[in-house]
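Chemist: sequence below, structure please.
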Amino acid sequence: MLKERTPFFRKSLLATDFLLTVGSFAFALWALEDFGTLDSAAKHLSTGFLATLLIGIMGLWVWLLLKHPQYGQFRGLRLGEILWPVVRVIGVGTLILGFWLVFVELDRSGRATFLVSFAAINLVSLCGLRAGIWMILVGLRSHGYNFQNVLVVGSGPRAKAFGESVHQHSAMGLRVQGYVDWDQAVLGQQVNGSRVIGLLENFVSILDNRVIDEVVYFVPRRMMDQIEPCVRACEERGIRTRIAVDLFALPLAKPEMTTYLGVPMVTYQPRNIAGKHFVAKRLIDIMVSSAGLVGCVPLFLVIAAAIKLTSPGPLLFQQKRVGLNGRQFQLLKFRSMVADAETRHHEVAELNELSGPMFKSKRDPRITPVGRWLRKWSLDELPQLVNVLRGDMSLVGPRPSLPHEIKQFQSWQKRRLSVRPGLTGLWQVSGRNQVDFEQWMKLDLEYIDRWSIGMDLKILSKTLPVVVTGRGAS
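Modeler: Predicted coordinates:
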């Protein structure tokens, strides 16, 4: 029986990847030089330099491959899941290599041609290797070879769904040998073509009398103590054990097995903007806010003059707001109200046109004539580009709330704090003050649950028409 998850298979695959990558490097250099693509400077690159470059590539490739948790694992994975580590490694590695080659004496076209050629040859060879192994394994399994026998503990809905998946994906090389349960009433019953062959009290006997390669547990969390002897029995016999962790059935946060400071943990990750997606969003924020601040300097000067000439007080209005996960920051705006507006809030409380803790009023007497014009076209919010650049806010996200407003939120509404607040969002492009408070909160959560870079760009594209027409502004 082939054992794809053994250290031998993993090491053999790594060694083959190593050789194929060396071959891809040599073939790319030979092809480019043979066809006269490299310039004369590149043709005279020293052997020592090329050897250093190759060693750097091999070290980078090996490090990236081994960092991927699915590297060297074929069983239980679809072909796309097997190929993804390769695509990811070659993509990231080529970007790093391209940055380094900028400092090498190759002309621009030579660098680009070498990079594309090497990456393409490497991608085809490594993916081709995996596709070939996968097809061989599928062929063997279709003839009854290279299967692993699985014993399932539990016979509830999750165990049944797992068994059904095993039957539907026979190419993954798993066979359910039977189910073990703790309820005498289900003993002998059929589950997805297999039977409940025993109870937990007979578990050790089942292991000793059947060929079992791994055991998968689907048990409620109240039974964790009861299955501990079974897990230890598997350990003693060298049998792989998997426990389908379902500690809490949360509708949004999904469990992930992670290692935190060296300690294995089950992490419940809520749907938010994290990882590489966070980096992409942050880069867009930095680039756009920087360009916006530079490009708006003439407009800032006009607005500053208008504010200073028409009403006494500071140019900018600063107010404490609540951002990501409760962090407080100073929100910046061009002042659109009289200087003592904050102390006079109680005078206009009854003019609020929004339900809930938020305050908005088109009839607010504290707004100055210039301020009313600024608000209509949302120009008072332009200084918040500084907040975006500093990382307090994002271009797109829920609007930042005041601390006393957050205290009045219901529990489900506080999830909007799981992302950075934004200059614009679904609320702004959906009617602003024409949308009531509860719908506003639902729009914020919809944004969090459906977020993508494309969604941000769509909201930004819709924001300009809303600002130009002044729709829903106060």
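Chemist: who does the lengthiest helix in the chain touch, helix- and strand-wise?
Modeler: Identified as the longest helix of the chain according to DSSP state H is helix 108-142. Judged by 3 or more Cβ pairs under 8 Å, 6 or more residues apart in numbering; DSSP states H and E, helix 108-142 is in contact with helix 7-34, helix 79-101. In this view, the C-beta of every residue, glycine as well, is placed from N, C-alpha and C.
Chemist: can we see that at 10 Å?
Modeler: Packing partners of helix 108-142 (3 or more Cβ pairs under 10 Å, 6 or more residues apart in numbering; DSSP states H and E): helix 7-34, helix 40-43, helix 47-67, helix 79-101.
Chemist: of all the ones you listed, which one is nearest Leu316?
Modeler: Nearest of those to Leu316, taken as Cβ to Cβ: helix 79-101 at 39.5 Å.
Chemist: give me the element Pro465 is part of.
Modeler: Per DSSP states H and E, Pro465 falls inside helix 453-469.
Chemist: which elements pack onto that helix?
Modeler: By 3+ Cβ pairs under 10 Å, 6+ apart, helix 453-469 packs against helix 275-295, strand 394-396, strand 422-424, helix 426-429, helix 437-450.
Chemist: mean neighbour count, these: which tops it?
Modeler: Neighbour counts (mean count of other Cβ atoms under 10 Å) averaged over each of the helices and strands packed on helix 453-469 peak at strand 394-396, with a mean of 27.
Chemist: helix or strand right after that strand?
Modeler: The helix or strand immediately downstream of strand 394-396 is helix 403-406, counting by DSSP H and E.
Chemist: in that next one, what counts as buried?
Modeler: Within helix 403-406, the residues that count as buried by 16 or more other Cβ atoms under 10 Å are Glu405, Ile406.
Chemist: elements contacting it?
Modeler: Here helix 403-406 touches strand 316-322, going by 3+ Cβ pairs under 10 Å, 6+ apart.
Chemist: and the pLDDT for Ser361?
Modeler: Listed pLDDT for Ser361 reads 68.
Chemist: meant to ask about Leu382, not that
Modeler: 94.
Chemist: that one: neighbour count?
Modeler: Counted with other Cβ atoms under 10 Å, the neighbours of Leu382 add up to 20.
Chemist: who are the contact partners of Ser290?
Modeler: For Ser290, the contacting residues are Leu385, Val388, Leu389, by Cβ atoms under 10 Å, 6 or more residues apart in numbering.
Chemist: before we move on, what SS does the first one have?
Modeler: Applying DSSP: H, G, I helix; E, B strand; the rest coil to Leu385 yields a three-state assignment of helix.
Chemist: one step back: buried ones in the helix holding Pro465?
Modeler: Neighbour-count burial for helix 453-469 flags Asp456, Ile459, Leu460, Thr463, Val466, Val467 (criterion: 16+ other Cβ under 10 Å).
Chemist: make CSV out of those residues and add pLDDT and distance to Phe25.
Modeler: Compiled in CSV, the buried residues of helix 453-469 are given as follows (pLDDT from 0 to 100; distance: Cβ to Cβ, whole Å):
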residue, pLDDT, distance to Phe25
Asp456, 90, 39
Ile459, 91, 44
Leu460, 90, 42
Thr463, 84, 48
Val466, 71, 53
Val467, 71, 52
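Chemist: would TSV of those residues with distance to Val279 be doable?
Modeler: Shown next, in TSV, are the buried residues of helix 453-469 (distance: Cβ to Cβ, whole Å):
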residue	distance to Val279
Asp456	14
Ile459	19
Leu460	18
Thr463	23
Val466	28
Val467	28
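Chemist: under the pLDDT cut-off, which ranges of the stretch 101-250 of the chain? List them.
Modeler: Along the stretch 101-250 of the chain, the model assigns pLDDT under 70 to residues 101-111, 140-146, 169-172, 245-250.
Chemist: rerun that using 80 as the cut-off
Modeler: The model of the stretch 101-250 of the chain has pLDDT under 80 over residues 101-115, 134, 137-147, 167-173, 192-193, 238, 245-250.
Chemist: show me where the stretch 251-400 of the chain has its helices.
Modeler: Taking DSSP state H, counting those that start in this stretch to define them, one finds helices in the stretch 251-400 of the chain at 275-295, 297-310, 369-376, 384-390.
Chemist: got the CA positions of the shortest one in PDB?
Modeler: In this case it means helix 384-390. Output in PDB follows, covering the C-alpha atoms of helix 384-390 (Å, rounded to 0.1, in the frame of the first residue of the first chain):
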ATOM      1  CA  GLN A 384     -10.500  62.100   7.300                       C
ATOM      2  CA  LEU A 385      -8.100  61.100   4.600                       C
ATOM      3  CA  VAL A 386      -5.500  61.800   7.300                       C
ATOM      4  CA  ASN A 387      -7.300  59.300   9.500                       C
ATOM      5  CA  VAL A 388      -7.200  56.700   6.700                       C
ATOM      6  CA  LEU A 389      -3.500  57.300   6.100                       C
ATOM      7  CA  ARG A 390      -2.800  56.900   9.900                       C
END
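Chemist: and the spatially closest residue to Asn387 that is not a sequence neighbour, what's its pLDDT?
Modeler: Of all residues not flanking Asn387 in the chain, Met393 sits nearest, at 4.3 Å (Cβ to Cβ, 6 or more residues apart in numbering). Reading off the confidence values, Met393 has pLDDT 95.
Chemist: how many residues are close by Met393?
Modeler: If you count neighbours by other Cβ under 10 Å, Met393 ends up with 27.
Chemist: cool, Trp61 as well?
Modeler: Applying other Cβ under 10 Å, we find 23 residues neighbouring Trp61.
Chemist: export the contacts of Ser290 to CSV and tack on pLDDT?
Modeler: Converted to CSV, the contacts of Ser290 look like this (pLDDT from 0 to 100):
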residue, pLDDT
Leu385, 95
Val388, 95
Leu389, 94
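Chemist: considering the residues you listed, which is situated nearest to Leu445?
Modeler: Using Cβ to Cβ, Val388 comes nearest to Leu445 of these, at 21.7 Å.
Chemist: who are the neighbours in contact with the closest one?
Modeler: In this structure, Val388 makes contact with 282, 284-286, 288-290, 292-293, 394-397, 420-423, judged by Cβ under 10 Å, 6+ apart.
Chemist: cool, and Leu65?
Modeler: Taking Cβ under 10 Å, 6+ apart, we find Leu65 in contact with 13-14, 17-18, 21, 71-72, 85-86, 88-90, 93, 126.
Chemist: also Ala304?
Modeler: With contacts defined as Cβ under 10 Å, 6+ apart, Ala304 is in contact with Leu315, Leu316, Phe334.
Chemist: filter those residues down to the buried ones.
Modeler: Phe334.
Chemist: quick check, nearest of the contacts of Ala304 to Trp451?
Modeler: Of all those, Trp451 sits closest to Phe334, with 29.2 Å by Cβ to Cβ.
Chemist: and that closest one, bridged to which residues?
Modeler: Beta-bridge partners recorded for Phe334 (DSSP bridges): Leu316.
Chemist: hang on, isn't it packed against Leu382?
Modeler: Yes - assessed by Cβ atoms under 10 Å, Phe334 is found in contact with Leu382 at 6.9 Å.
Chemist: hey, what's in contact with both of the two?
Modeler: Counting by Cβ under 10 Å, 6+ apart, the contacts common to Phe334 and Leu382 are Phe300, Ile303, Leu374.
Chemist: top of these by neighbour count?
Modeler: Highest neighbour count within the shared contacts of Phe334 and Leu382, by other Cβ under 10 Å: Leu374, with 23 neighbours.
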